[in-house]
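>>> Sharing a model that was predicted from the sequence below.
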Amino acid sequence: MALIKCENVSIGYEGQMVVHDLNFEINQGDYLCIVGENGSGKSTLVKSLLGLKNVDKGKIVFDDGLKQTEIGYLPQQTDVKKDFPASVYEVVLSGRLNSRGMKPFYTAEDKKQAWEKMDMLGIRDLAKQCFRDLSGGQRQRVLLARALCATKKLLLLDEPVTGLDPIVTAEFYQLISRINKESGIAVVMVSHDIESAVEYASHILHLQETVLYFGKADGYEKSRAGKTFLGGETHV
Ligand SMILES: Nc1ncnc2c1ncn2[C@@H]1O[C@H](COP(=O)(O)OP(=O)(O)OP(=O)(O)O)[C@@H](O)[C@H]1O
């Protein structure tokens, strides 16, 4: 059973459709990269997957016990307050907010999860440091640990490597790949880095108003959309 199934989904702003007739699904353990030109509707789709924006037509079905509030989300860097005056530990722990319900304090389990995720991402030593003093790569690890605190099933990452240098970018991709393979958490990543998308992802969703390609990553290179996009042309 799919974790998320989009059935004939159209989404727009004030009646003006940005994407239409989207059909695709995300299953447990998948690593889906959403690619497409600037303005093709990737972030709009992400907002709807997170329940922050209603769809205008069709429906998004959540299954396999996944609740929308249990998606671990790593936002675009432009949406992150980089001067946030909190420690790394506090930022990671805040990933537990959604699962806490109305409880006023973090539980021992919340704290255990935060330390576990920091260990998993190799950032335990940074726990007491202020988030705003970190490098871009360290900050992304912290935000990834926070996203992991929020989910057991699905990570949603919106352009997570923007602004990172090539070495840190490669490390970040390997980290995501390891989490996906070892813990079976499904990954949905919006990316402009099409070559890495094909290298690491299991599936590709190419958007341009509608779905130009949805399927296995290894079939994408041979598809018309893939050949054009990978070849550097912009329109299919
Ligand atoms: N709040 C909004 N109100 C009106 N139009 C919007 C709003 N947000 C986005 N749009 C429009 O929707 C279209 C899709 O934008 P979106 O940000 O989803 O694209 P994207 O594929 O994520 O782009 P990028 O690759 O540049 O991040 C664009 O034409 C954009 O101008």
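Here it is on my side, so go on.

>>> which strands and helices sit next to the biggest helix by length in the chain?
With secondary structure taken from DSSP state H, the chain has its longest helix at helix 166-183. Applying 3 or more C-beta pairs under 8 Å, 6 or more residues apart in numbering; DSSP states H and E, one finds that helix 166-183 contacts strand 31-35, helix 136-149, strand 154-158, strand 186-190, helix 194-200. C-beta here means a position set from N, CA and C on the backbone, and glycine is covered the same way.

>>> check which helix or strand covers E90.
Taking DSSP states H and E as the definition, E90 sits inside helix 88-93.

>>> Could you give the average pLDDT over the helix or strand following that helix?
In the C-terminal direction, the helix or strand that comes right after helix 88-93 (DSSP H and E) is helix 108-120. Per-residue pLDDT over helix 108-120 has a mean of 94.

>>> same question, stretch 212-220
Per-residue pLDDT over stretch 212-220 has a mean of 94.

>>> what does the chain put close to the ligand?
13, 18, 36, 38-44 (C-beta under 6 Å from any ligand atom).

>>> coming back round to it: show me which positions of the longest helix of the chain end up buried.
Within helix 166-183, the residues that count as buried by 16 or more other C-beta atoms under 10 Å are 168-169, 171-173, 175-176, 179-180.

>>> and if you look at stretch 14-27?
Under the neighbour-count criterion of 16+ other C-beta under 10 Å, stretch 14-27 has 17-20, 22, 24-27 buried.

>>> Please apply the same query to stretch 107-121.
Neighbour counts using 16+ other C-beta under 10 Å place 110, 113-114, 117-118, 120-121 of stretch 107-121 among the buried residues.

>>> of these, closest to the ligand?
Checking the buried residues of stretch 107-121 against the ligand by C-beta to the nearest ligand atom gives L121 as the nearest, at 25.3 Å.

>>> what's near enough to touch that closest one?
Contact analysis of L121 by C-beta atoms under 8 Å, 6 or more residues apart in numbering lists 141-142, 144-145, 148, 175.

>>> How about the secondary structure of E37?
With DSSP: H, G, I helix; E, B strand; the rest coil as the basis, E37 sits in coil.

>>> For stretch 10-28, the averaged confidence score.
Averaged over stretch 10-28, pLDDT sits at 95.

>>> ok, and what's touching that stretch?
Taking contacts as C-beta under 8 Å, 6+ apart, the residues outside stretch 10-28 that touch it are 2-9, 32, 40-41, 44-45, 48, 53, 55-58, 64, 153-154, 184, 186, 188, 203, 205, 207, 209-211, 214.

>>> Give me the domain ranges for this structure.
When the chain is parsed with automatic domain parsing, its domains come out as 1-66+153-236, 80-152.

>>> would you list the ones you listed in CSV and tack on distance to L74?
Shown next, in CSV, are these (distance: least, C-beta to C-beta, whole Å):
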stretch, distance to L74
domain 1-66+153-236, 4
domain 80-152, 5
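
>>> give me the low-pLDDT residue ranges for the protein?
Filtered on pLDDT under 70, the chain yields the residue ranges 64, 78-80, 82, 100-102, 232-236.

>>> Just the closest of the buried residues of helix 166-183 to the ligand, please.
Relative to the ligand, the closest of the buried residues of helix 166-183 is T169; by C-beta to the nearest ligand atom it sits at 17.3 Å.

>>> Looks to me like R132 is in a helix.
Yes - R132 sits within a helix when classified using three-state DSSP.

>>> count of residues packed around it?
Using other C-beta atoms under 10 Å, the number of residues around R132 comes to 12.

>>> Now for the nearest residue to S177 once chain neighbours are set aside: which residues touch it?
Closest residue to S177 apart from its sequence neighbours, by C-beta to C-beta, 6 or more residues apart in numbering: Y200 at 5.2 Å. Applying C-beta under 8 Å, 6+ apart, we find Y200 in contact with 31, 33, 173, 176-177.
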